[in-house]
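[1] Please find the sequence and the predicted model below.
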Amino acid sequence: MRPSLSDLIEEARLSARALLDYGEHLFSPTIRLGVTGLSRAGKTVFITALIHGLTRGGRFPVFEAFATGRIARARLEPQPDDGVPRFAYESHLKSLTEERGWPSSTVDISELRLVIDYQRQNGADRTLTLDIVDYPGEWLLDLPLLAKSYEQWSSESLMLSRDKPRAELAGAWHAHLKTLRAEAQEDEQATLKAAKLFTDYLRACRDERFAMSLLPPGRFLMPGNLAGSPALTFAPLDVPLDREPPEGSLWAMMARRYEAYKNIVVRPFFRDHFARLDRQIVLVDALAAFNSGPEALHDLEAALQGILDCFRVGRSTILSTLFRPRIDRILFAATKADHLHHQSHDRLEAVLRHAVSAAAEKAEATGAAIDVVALSAVRATREALVERGRDKLPSLLGTPAPGETGNGETFDGNTEVATFPGDLPLDAEALFAGEGAFRGLAHNAADNTDFRFLRFRPPLLERDGTGEPVLPHIRLDRALQFLIGDRLK
């Protein structure tokens, strides 16, 4: 299919922006690092810990340039994009270090610039600028909509909603859908009700009992200043793929608003932010899927493959930088590794590697570097051996968040407890074996699941010699080495 005039104009705009970025990077080496992940994956904590560690002397033995003293200093500077909110680093750090609370979740795009003064391995002094772009992973899952018609999206959404456990959650929306005739006269009130019920269904899917990940359109769950606008007021209809909607019909109205959503929300995000990224980390809360059950794990797998397909990956060259920007390094990080004993960390990595394996092979064939790591940007637990009879069990010590429950007890948020979360299987494929692979919250009571991971409060922090709080972590330095270590040689 030949590209349309609007597609050619959009491509020209992308190339012009890439040319401008390339000129700036030539004189001031810069990495634009995208940080994303689905809801509650830990994006805000990751960025806060990264900045704190680099600017205030973290413990990063695997991050070579930092560990060998070649990084002289790192400092925050005003961000380059005046139209993007600044990442609220200072308030997020206060939440972690003074209030012992996790920062608020990402609901919009934000940015922060970190300038790193370092010495190259040959002794020359250099500066690297790191522009960190924080955005919700739900927005990333919207990018495939650019290549889909309203009819294709409706068909896929309905098919997905008719499988377990989504079908039960979609009951009210499906009931309303049966009252609608796609070819009837357009009807604002019927559309408003359909959009509300569809959004309620998406929100129910995201509940921790089900932990579904594949939930486009992403802005339906985080509308911001677009709440109530026609661009966010549409829903799938049961319509044929090979026909055009009659003029003035409900079908035509829905399709028009779907296209408006792509033009107002998706395309500007792709053009102004996503297409300009050099490196990317995707944070994944796999433990939430384990808590919920096998359906959630399969849904996460589909979402991750969709995310990886979105990236224009490949080794960057001058021409690709000018005319088709490419991300040449992507790190998938399984977060909350501190909720597992270290003996299971490699198994957690294996699960995530299995989930992205098919899409990763295609990316690696283009020359892009893909890696997987189990990490905790701020470690909330510590390990211990707890005696039970004659046995000593490898356990975790931490302070559960207030309201968390386990073994019939509700925790107050102040009491430290020892917990044994269980071991992940040695064979990652066993978790993807299908229905009945393991029991989760979606079908069982909270205390009758194979995996039950408590939410913990941030830890009581040590202080260094200057009185600065030290944020403990698991493999944050390994993530930094992969994402920017090659640019500091």
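    Received, thanks.
[2] what's the burial count for Glu468?
    Residues near Glu468, counting by other CB atoms under 10 Å, number 15. (C-beta placed from N, C-alpha, C; glycine too.)
[3] for the closest residue to it other than its chain neighbours, phi and psi?
    Once flanking residues are discounted, Glu468 sits nearest to Arg56: 5.3 Å by CB to CB, 6 or more residues apart in numbering. For Arg56, the backbone dihedrals (degrees, to the nearest 10) come out as phi -130, psi 20.
[4] separation between Arg56 and Asp131?
    Distance of Arg56 to Asp131, given as CB to CB, to the nearest Å: 20 Å.
[5] quick one: which of the two has more around it?
    Taking other CB under 10 Å, Arg56 and Asp131 do not tie; Asp131 has more neighbours (21 against 15).
[6] Surely the more buried one is in contact with Gln79?
    Yes. Applying CB atoms under 8 Å, one finds Asp131 in contact with Gln79, separated by 7.0 Å.
[7] Give me the common contacts of those two.
    With contacts taken as CB atoms under 8 Å, 6 or more residues apart in numbering, the residues that reach both Asp131 and Gln79 are 111-113.
[8] With neighbour count added, can I get those residues in CSV?
    As requested, the shared contacts of Asp131 and Gln79 are exported to CSV (neighbours: other CB atoms under 10 Å):
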residue, neighbour count
Glu111, 19
Leu112, 23
Arg113, 18
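[9] Looking at those, which one is closest to Asp464?
    Leu112 (23.1 Å; CB to CB).
[10] Show me what counts as buried in stretch 204-220.
    204-206, 209-220 (16 or more other CB atoms under 10 Å).
[11] Identify the farthest-apart pair in these.
    Arg209 and Arg219 (23.7 Å).
[12] what's the spacing between the residue lying closest to Ser292 once chain neighbours are set aside and Ala479?
    In space, and not counting its chain neighbours, Ser292 is closest to Ala211: 3.9 Å by CB to CB, 6+ apart. Distance, Ala211 to Ala479, using CB to CB: 23 Å.
[13] Report pLDDT for the nearest residue to Val470 once chain neighbours are set aside.
    Of all residues not flanking Val470 in the chain, Glu462 sits nearest, at 4.8 Å (CB to CB, 6+ apart). Glu462 is assigned a predicted lDDT (pLDDT) of 86.
[14] Next, Glu462: phi, psi?
    Main-chain torsions, Glu462, degrees, to the nearest 10: phi -70, psi 160.
[15] now swap in Ile281 and tell me
    phi -120, psi 130.
[16] List just the nearest of the shared contacts of Asp131 and Gln79 to Leu396.
    Leu112 (31.7 Å).
[17] quick one, what contacts the residue nearest to Val470?
    The contact partners of Glu462, by CB under 8 Å, 6+ apart, come to 469-470, 472.
[18] Quick check on those residues: which are buried?
    Among those, those scoring as buried are 470, 472 (criterion: 16+ other CB under 10 Å).
[19] List the ones among the contacts of Glu462 that fall in strands.
    469-470 (DSSP state E).
[20] which of the contacts of Glu462 lies closest to Arg279?
    Taking the contacts of Glu462 together and measuring to Arg279 by CB to CB, the closest member is Pro472, at 24.8 Å.
[21] what's around the residue nearest to that closest one when sequence neighbours are not counted, how many residues?
    Of all residues not flanking Pro472 in the chain, Arg379 sits nearest, at 4.2 Å (CB to CB, 6+ apart). A count of nearby residues for Arg379, using other CB under 10 Å, gives 22.
[22] Look at the residue of the chain most remote from its centre and report its pLDDT.
    Farthest-out residue of the chain from its mean C-alpha position, per CA atoms, centre = their mean: Arg390, at 42.7 Å. Per-residue pLDDT puts Arg390 at 79.
[23] Distance check, it against Glu383.
    20 Å.
[24] What are the boundaries of the strands in the protein?
    Listed in chain order, the strands found in the chain under DSSP E are 30-37, 71-77, 110-119, 125-134, 279-284, 329-334, 369-374, 382-388, 391-398, 405-406, 409-410, 417-419, 462-463, 469-470.
[25] closest one to Glu99 among those?
    strand 469-470 (12.2 Å).
[26] The closest one pairs with which strands, parallel or anti?
    With DSSP bridges as the test, strand 469-470 is paired with strand 462-463 (antiparallel).
[27] on that earlier part again, and the strands of the chain, which one is worst for confidence?
    Here the lowest mean pLDDT among the strands of the chain goes to strand 405-406, at a mean of 80.
[28] And the lowest mean pLDDT element among the helices and strands of this structure?
    When each helix and strand of the chain is scored by mean pLDDT, DSSP states H and E, helix 318-323 comes last, with a mean of 47.
[29] Quick check: Gln305 touching Val356?
    Yes. Using CB under 8 Å, Gln305 is in contact with Val356, at 6.7 Å.
[30] Look at those two and report which has more neighbours.
    For Gln305 versus Val356, neighbours defined as other CB under 10 Å are more numerous around Val356 (21 against 17).
[31] who are the neighbours in contact with that one?
    With contact set as CB under 8 Å, 6+ apart, Val356 has these partners: 304-305, 308, 332, 370, 372.
[32] For those residues, work out which two are farthest apart.
    The most widely separated members of the contacts of Val356, counting by CB to CB, are Gln305 and Val372 (13.8 Å).
[33] just the helices in the stretch 251-400 of the chain please.
    With DSSP state H, counting those that start in this stretch as the criterion, the stretch 251-400 of the chain has helices at 267-272, 286-292, 294-310, 318-323, 345-365.
[34] do you know which of those helices lies nearest Met254?
    helix 267-272 (19.0 Å).
[35] Just give me how far that closest one sits from the chain centre.
    18 Å (CA atoms, centre = their mean, to the nearest Å).
[36] residues of it that come out buried?
    Neighbour count says helix 267-272 has 267, 269-270, 272 buried, by 16+ other CB under 10 Å.
[37] Please name the residues that touch Asn225.
    Contacts for Asn225 (CB under 8 Å, 6+ apart) come out as none.
[38] I'd like the distance between it and Glu383.
    45 Å.
[39] hmm, back to that, ok, of the shared contacts of Asp131 and Gln79, which one's closest to Arg326?
    Set against Arg326, the nearest of the shared contacts of Asp131 and Gln79 by CB to CB is Glu111 (20.5 Å).
[40] What's opposite the closest one in the beta bridge?
    Taking DSSP bridges as the rule, Glu111 bridges to Arg86, Val133.
[41] now it: how far from Pro61?
    29 Å.
[42] My understanding was that Leu192 contacts Ala235; is that so?
    No. Shown here, Leu192 and Ala235 do not form a contact pair, counting by CB under 8 Å, at 9.7 Å.
[43] Among those two, which residue is more densely surrounded?
    Each of Leu192 and Ala235 has its neighbours counted (other CB under 10 Å); Ala235 has more, 25 against 15.
[44] show me the contacts for the more buried one.
    Here Ala235 is in contact with 173, 177, 191, 194-195, 197-198, 254 (CB under 8 Å, 6+ apart).
[45] For stretch 209-221, what is the distance to the chain centroid?
    Distance of stretch 209-221 from its chain centroid, counting by CA atoms, centre = their mean, is 12 Å.
[46] CA atoms only: put it into PDB for me.
    In PDB, the C-alpha atoms belonging to stretch 209-221 read as follows (Å, rounded to 0.1, in the frame of the first residue of the first chain):
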ATOM      1  CA  ARG A 209      -6.600 -10.000  41.400                       C
ATOM      2  CA  PHE A 210      -6.400 -10.200  37.600                       C
ATOM      3  CA  ALA A 211      -3.400  -8.000  36.700                       C
ATOM      4  CA  MET A 212      -4.100  -7.900  33.000                       C
ATOM      5  CA  SER A 213      -1.500  -6.000  31.000                       C
ATOM      6  CA  LEU A 214      -2.900  -5.700  27.400                       C
ATOM      7  CA  LEU A 215      -5.300  -2.800  27.900                       C
ATOM      8  CA  PRO A 216      -5.300  -0.300  25.000                       C
ATOM      9  CA  PRO A 217      -6.300   2.500  24.500                       C
ATOM     10  CA  GLY A 218      -3.900   3.600  27.300                       C
ATOM     11  CA  ARG A 219      -5.400   7.000  27.900                       C
ATOM     12  CA  PHE A 220      -8.700   5.600  28.900                       C
ATOM     13  CA  LEU A 221      -7.200   4.600  32.200                       C
END
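[47] Cool, thanks, talk later.
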